[in-house]
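Enquirer: Need coordinates for the below:
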Amino acid sequence: MKGLSNKRVYITGAASGIGRATAQKFYDEGSEIILIDRPSLKETELDVVFPQRMVYIQGDVTTKETLEKIDAEMKKGIDVVVNNAGITRDAQTIKMTDEQWDQVISVNLTAVFKISQMAAKHLKEQNRGGCILNAASVVAHYGNFGQANYVATKAGVIGMAKTMARELGKYNIRVNAVAPGFIKTPIIDTMPEKVIQMMAEKSPLKRIGEPEEIASAYAFLASDEGRFITGTCLNVDGGLSI
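Expert: Model prediction:
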C-alpha cells in the first residue's frame, strides 16, 4: 500500500493475535515497527520474526513506567499508532466486581486515551500529519451478554475516535476505529469446536475472520489510500453487524 514505507508505526498488544498480524503487515509494507506488550522479547521471539526495523517495549500499557517508555520513543518520531491491546473480564452486570470493571476500563479505554493523547501531541509537533487507530468491536454496536465492561470500552473508543478526529483534523491527523467480528485468535482456539461453528454461522459469510484481515484494515486506513477517511468506525466482521 502506498505511503507506509519508512513510517514509524506503534502497535500495542503486539505479541500475539491481531496485534502480531498487524505488526507483520506493516513490516511487510516497509514500516519501522515499535511493538508494545507484556511478555519479554525472548518469550515473543519478535526479534527473530522482525530482525530489523523493529523496536520492542516490554510493559503494561496501564503503568506510568511503560507510558514513559512509549513517550520517549515517540520523541524519536511517530507516524501511526494502533491501539490494539485489550482484555476481557466477563461477568453478568449483577455479578461483576469492581476489579473486573476497573481492569477492563484501565486497559481498553484509559490506556487508549493516554497513548492517543501522547501520539497526538508528538504528531502535532512534527507537523507532517499522521494516523491514530483504535481497536473497537462489533459488540460496541449491539452489546453482548456478560460484557458490560468490555462493550462500554469498545463503544468508548469509537466515540473517542470521532471526537479526536474533529479536534485533530486541522493538523492532518486522522483518527479511526476498526471493529472486528469473531476472529481466529488464541482465545478462539481454546473454545469447543461447536461453539466456534455457531459463531461462524452468525456471519453472512459463514466463517471466522483471520487476524490478517484486521491487519489489512489497519494498514489501509493508515495508508495513502485511506487519506480522506477520518472519524469513522470500519466494521471488519463478515457482515455480522448487519
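
Enquirer: neighbours of residue 158, just the number please.
Expert: Residues lying near residue 158 (other CB atoms under 10 Å) number 22. Just so you know, the C-beta spots here come from the backbone N, C-alpha and C atoms, and that holds for glycine as well.

Enquirer: any idea which element it lies in?
Expert: Element membership of residue 158 [criterion: DSSP states H and E] is helix 148-168.

Enquirer: From residue 31, how far off is residue 108?
Expert: Residue 108 sits 25 Å away from residue 31, going by CB to CB, to the nearest Å.

Enquirer: Look at those two and report which has more neighbours.
Expert: More crowded of residue 108 and residue 31, by other CB under 10 Å: residue 108, with 27 against 24.

Enquirer: Give me the phi and psi for that one.
Expert: phi -80, psi -20 (degrees, to the nearest 10).

Enquirer: Check what pLDDT residue 128 gets.
Expert: On pLDDT, residue 128 comes in at 95.

Enquirer: To clarify, my last question referred to residue 185.
Expert: For residue 185, pLDDT reads 87.

Enquirer: burial count for it?
Expert: By the criterion of other CB under 10 Å, residue 185 has 20 neighbours.

Enquirer: wouldn't it be in contact with residue 17 here?
Expert: Yes - at 3.9 Å, residue 185 and residue 17 qualify as touching, with contact defined as CB atoms under 8 Å.

Enquirer: Name the residues contacting each of the two.
Expert: residue 211 (CB atoms under 8 Å, 6 or more residues apart in numbering).

Enquirer: Dump the C-alpha coordinates for stretch 186-204 into PDB.
Expert: Extracted C-alpha coordinates of stretch 186-204, given in PDB (Å, rounded to 0.1, in the frame of the first residue of the first chain):
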ATOM      1  CA  PRO A 186      -5.500 -17.700  20.600                       C
ATOM      2  CA  ILE A 187      -8.700 -17.100  22.700                       C
ATOM      3  CA  ILE A 188     -10.900 -18.700  20.000                       C
ATOM      4  CA  ASP A 189      -8.500 -21.700  19.900                       C
ATOM      5  CA  THR A 190      -9.500 -22.600  23.400                       C
ATOM      6  CA  MET A 191     -13.200 -22.800  22.600                       C
ATOM      7  CA  PRO A 192     -15.100 -26.000  21.700                       C
ATOM      8  CA  GLU A 193     -15.500 -26.600  18.000                       C
ATOM      9  CA  LYS A 194     -19.300 -26.500  18.100                       C
ATOM     10  CA  VAL A 195     -19.100 -23.000  19.800                       C
ATOM     11  CA  ILE A 196     -16.700 -21.800  17.000                       C
ATOM     12  CA  GLN A 197     -19.100 -23.200  14.400                       C
ATOM     13  CA  MET A 198     -22.000 -21.500  16.000                       C
ATOM     14  CA  MET A 199     -20.200 -18.200  15.900                       C
ATOM     15  CA  ALA A 200     -19.200 -18.700  12.300                       C
ATOM     16  CA  GLU A 201     -22.900 -19.300  11.400                       C
ATOM     17  CA  LYS A 202     -23.900 -15.900  12.700                       C
ATOM     18  CA  SER A 203     -21.900 -14.200   9.900                       C
ATOM     19  CA  PRO A 204     -23.400 -14.000   6.400                       C
END
